[in-house]
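S.K.: can you look at this prediction? I've put the sequence above it.
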Amino acid sequence: MPGLVVDDSTASKFMNLVALEMCPDFDNNYEIMSYLCFVNSLIDTAEDVKELRVTGVLHNYLGSDEEVADLFRKMSRDLVPDQEIYCEVFEDIHNYCNNPLTTVVAQAYYTYFSSPWTFIVFLGSITGLLFTATQAYLALLRYETSYQTP
């Protein structure tokens, strides 16, 4: 999802684009209106805004995260989106969140690899195990070849 800059002019820009979409001479599928409703469905609280800020989807130059959440609530209050435009995106998000493997990997990552040092130790231990397995294989190979030749 492309980054969205939220500042003082965001509301007027989006509302002008929605007004342009409402013009009868403008042939469209109401993408701007549907996009606003989609973003509003992602943002319910200030915590949601924070998550989108951290991932780089949203750049907040407006003020607090609560102001951004209120802004999107106000902008999309009376809009009726086309539900089919972002149906696939909602389905992908739902499948990703309900995937048990995603949950297990995320839990393991945040539990065991919370700092860079734990990841470095993990790589070192894997490397040590690989070297040990290689040494055992080569020793076994040498042992077999020494008893096969008379």
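M.R.: Sure, I can see it.
S.K.: tell me the pLDDT of T149.
M.R.: Note on T149: pLDDT of 57.
S.K.: likewise L20?
M.R.: The model reports L20 with a pLDDT of 89.
S.K.: helix, strand or coil for it?
M.R.: Here L20 is recorded as helix under DSSP: H, G, I helix; E, B strand; the rest coil.
S.K.: need the contact list for R73.
M.R.: R73 makes contacts with 40, 43, as judged by Cβ atoms under 8 Å, 6 or more residues apart in numbering. All C-beta atoms are positioned from the backbone trio N, CA, C, and that covers glycine.
S.K.: mind telling me what element it is part of?
M.R.: Per DSSP states H and E, R73 falls inside helix 65-75.
S.K.: could you give the mean pLDDT of that helix?
M.R.: 90.
S.K.: quick check: buried residues in it?
M.R.: Of the residues in helix 65-75, 65, 68-69, 71-72, 75 count as buried by neighbour count, 16 or more other Cβ atoms under 10 Å.
S.K.: next one: stretch 47-59
M.R.: Neighbour counts over stretch 47-59 (16+ other Cβ under 10 Å) mark 48-49, 52, 58 as buried.
S.K.: same question for stretch 23-42.
M.R.: For stretch 23-42, a neighbour-count test (16+ other Cβ under 10 Å) marks 30, 32-40, 42 as buried.
S.K.: helices - which of the buried residues of stretch 47-59 land there?
M.R.: 48-49, 52 (DSSP state H).
S.K.: picking that back up, in helices, which of the buried residues of stretch 23-42 appear?
M.R.: Of the buried residues of stretch 23-42, the ones assigned to helices by DSSP H are 32-40, 42.
S.K.: just give me the closest of those to V104.
M.R.: Here the nearest of these to V104, counting by Cβ to Cβ, is L42; it sits at 24.2 Å.
S.K.: so who does the closest one touch?
M.R.: Residues near L42 by Cβ under 8 Å, 6+ apart: 48, 52.
S.K.: got it, and the one 3 residues further on?
M.R.: With Cβ under 8 Å, 6+ apart as the criterion, the residues that contact T45 are 66, 69.
S.K.: look at it and report its pLDDT.
M.R.: Looking at T45, its pLDDT reads 89.
S.K.: ok, it to C37 distance?
M.R.: From T45 across to C37, the span is 17 Å (Cβ to Cβ, to the nearest Å).
S.K.: this completes my enquiry, with thanks.
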